[in-house]
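1. okay, here's the prediction I keep looking at, along with the sequence it came from:
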Amino acid sequence: MRAPSPAVAPPPGNPRFPAFDGLRGIAVLAVVVFHVWLVSGALARRGTGDAVTVLGSHGPILFFVISGFLLHRPFVTARTGSAGPPSVARYALRRALRILPAYWVALALLGVHPGLAGVFEADWWRYWLFLQLYDADTLGRGIPVAWTLCIEVTFYLALPLWALATRRCPARAELTALAAVALGGAAVQVAAGRGALPDLAAQSLVGQSPWFALGMALAVGSVAAPRGRLAAAVGRAPGRCWAGAALAFAGLAALRWDTGGVLGIVQALARPQPVAELLAELVLTAALMGLLVAPAVFGGGGLPGRVLAAAPLAWLGVVSYGVYLWHLTIAEWLALPAVPQHFAAEGLDLARDLPAPVLLVLVLAASVAVAAVSYRGVELPFLALKDRDPAGGRGRGGG
């Protein structure tokens, strides 16, 4: 069997979950579709725009769930004795090699041309060290989508501390703790939606913790009960999981219907939201993510298995990091070459010269091409080093 790419290879001694390549592909495709609809002006249309808004807002959440599962599972597996205890130093090395080189190269090149705001200015260090999320003045500058990377990096730092604190916990106790974390994060999101907390709280790891906790809980379940009732139910009917995910998605789109397009969403976010709607969105999002990811965790064929194993989607997942970093600038350049960068932060008067589906094809083609160059020329040379022992040689490590 062909060895997996270093971009998706698990730590030594841990199993690989190949369906997660397809999940990454779905996540990045959702984000790209959202931004293409935004720059083309199509997001303002009711109906289609509502569904695409749900896609775009849940693409990053799917990435969070994926990180929670794949990064926590080696720590959980180590408790069973089937793999050596993860080294925090090796874990940190793997994370740094995975995320820093491609991001820094993209940030530098895009800072030179087209000249992303902030990259070489007085507060440059915020963008290079994943800190732009924590200041309203820098949140939308640099590579705008990198606000999610700020959350990911915070999670990378917090995960070893969680693993240390729960290293002797039985599965049920850790699942209880993860449920408490998720409820706490949900409470933060509700409070922020009501105006009782700043939006930054909801956008930070604290507010986004339910999605990482969901992935971590799936990791615990996949180790503690790989052939339990849940795994058996998913294996027998994976299609039902995705049918349930589709219903959750429809529910989320229905919640967006009353906002009246992207302008209505912006206006709605500026005032306190009803608690019932906030809770409904959280519950439906948890259902969507759990049902979407479960077949990739517990196996099973059917439609989910075929879709996630599709070569184009899996390849998109392998190069998804580069696509994520580059696609928005490419979309802006293709759709609005005469408009200042990050026009979306300036207002909602968007160009409509290219139909959204046409622009989507162009953006995907260009983004995948650039991502492939980044993958071959930047990511792979560093990823080939990620299983080396920081003290010399090779070894095990989580991440």
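-> Cool, the structure landed.
2. now name the helix or strand holding the closest residue to residue 75 other than its chain neighbours.
-> In space, and not counting its chain neighbours, residue 75 is closest to residue 163: 3.9 Å by C-beta to C-beta, 6 or more residues apart in numbering. Where you see a C-beta, it was placed from the backbone N, CA and C, and this is true even at glycine. In the assignment (DSSP states H and E), residue 163 maps to helix 147-165.
3. list the buried ones in the helix or strand that residue 50 is a member of?
-> Here residue 50 is covered by helix 48-80, with elements defined by DSSP H and E. Going by neighbour count (16 or more other C-beta atoms under 10 Å), the buried part of helix 48-80 is 49-79.
4. pretty sure residue 272 is in a helix, no?
-> No: the assignment for residue 272, made by DSSP: H, G, I helix; E, B strand; the rest coil, is coil rather than a helix.
5. what are the ranges of the strands in this structure?
-> Here the chain has no strands by DSSP state E.
6. which secondary element of it has the worst mean pLDDT?
-> Across the helices and strands of the chain, the lowest-confidence element by mean pLDDT, DSSP states H and E is helix 261-269, at a mean of 49.
7. contacts only, for the residue nearest to residue 380 when sequence neighbours are not counted.
-> Leaving aside its chain neighbours, residue 380 sits nearest to residue 6 (6.4 Å; criterion: C-beta to C-beta, 6+ apart). Residue 6 is in contact with 380, 383-384, 386, counting by C-beta atoms under 8 Å, 6 or more residues apart in numbering.
8. OK, contacts around the closest residue to residue 30 other than its chain neighbours?
-> Take residue 30 and drop its neighbours on the chain: the residue closest to it by C-beta to C-beta, 6+ apart is residue 59, 3.5 Å away. Residue 59 makes contacts with 26-31, 34, as judged by C-beta under 8 Å, 6+ apart.
9. please flag which of the residues you listed sit within helices.
-> Residues of the contacts of residue 59 located in helices (DSSP state H): 26-31, 34.
10. which one of those residues sits closest to residue 116?
-> residue 31 (17.9 Å; C-beta to C-beta).
11. and the gap between the residue nearest to residue 75 and residue 146?
-> Residue 163 sits 26 Å away from residue 146, going by C-beta to C-beta, to the nearest Å.
12. repeat for residue 214
-> 23 Å.
13. also residue 314?
-> Taking C-beta to C-beta, one finds residue 314 at 25 Å from residue 146.
14. report pLDDT for the residue nearest to residue 75.
-> pLDDT for residue 163: 94.
15. same question, residue 152
-> Confidence score, pLDDT, at residue 152: 98.
16. might one say that it is in contact with residue 67?
-> Yes: counting by C-beta atoms under 8 Å, residue 152 touches residue 67, with 6.1 Å between them.
17. which neighbours do these two share?
-> With C-beta under 8 Å, 6+ apart, residue 152 and residue 67 have no common neighbours.
18. and residue 228, its phi and psi?
-> phi -70, psi -170 (degrees, to the nearest 10).
19. nearest residue to it in space, please, no chain neighbours.
-> residue 221 is the one closest to residue 228 (C-beta to C-beta, 6+ apart), at 7.4 Å.
20. which residues sit in contact with that neighbour?
-> By C-beta under 8 Å, 6+ apart, the neighbours of residue 221 are 171, 175, 228, 230-231, 297.
21. what residue ranges in the chain score low on pLDDT?
-> Where the chain drops to pLDDT under 70, the residues are 1-3, 46-47, 82-84, 257-271, 337-353, 387-399.
22. center of it, which residue is that?
-> The centroid of the chain falls nearest to residue 63 when counting by C-alpha atoms, centre = their mean (2.1 Å).
23. my guess is that residue meets residue 148, correct?
-> Yes: counting by C-beta under 8 Å, residue 148 is a contact partner of residue 63 at 6.7 Å.
24. can you give me the neighbour number for the closest residue to residue 174 other than its chain neighbours?
-> Closest residue to residue 174 apart from its sequence neighbours, by C-beta to C-beta, 6+ apart: residue 166 at 5.0 Å. Applying the criterion other C-beta atoms under 10 Å, we find 20 residues in the vicinity of residue 166.
25. re earlier: what about the residue nearest to residue 75, distance to residue 220?
-> Distance from residue 163 to residue 220, by C-beta to C-beta: 11 Å.
26. before we move on, what about residue 228?
-> On the measure of C-beta to C-beta, residue 228 and residue 220 end up 12 Å apart.
27. more crowded one of these two?
-> More crowded of residue 228 and residue 220, by other C-beta under 10 Å: residue 220, with 25 against 12.
28. how close does the more buried one get to residue 247?
-> The gap separating residue 220 from residue 247 is 26 Å, by C-beta to C-beta.
29. equivalent analysis for residue 160, please.
-> Distance, residue 160 to residue 247, by C-beta to C-beta: 37 Å.
30. with neighbour numbers in mind, choose between these two.
-> Each of residue 160 and residue 247 has its neighbours counted (other C-beta under 10 Å); residue 160 has more, 19 against 14.
31. all set now, cheers.
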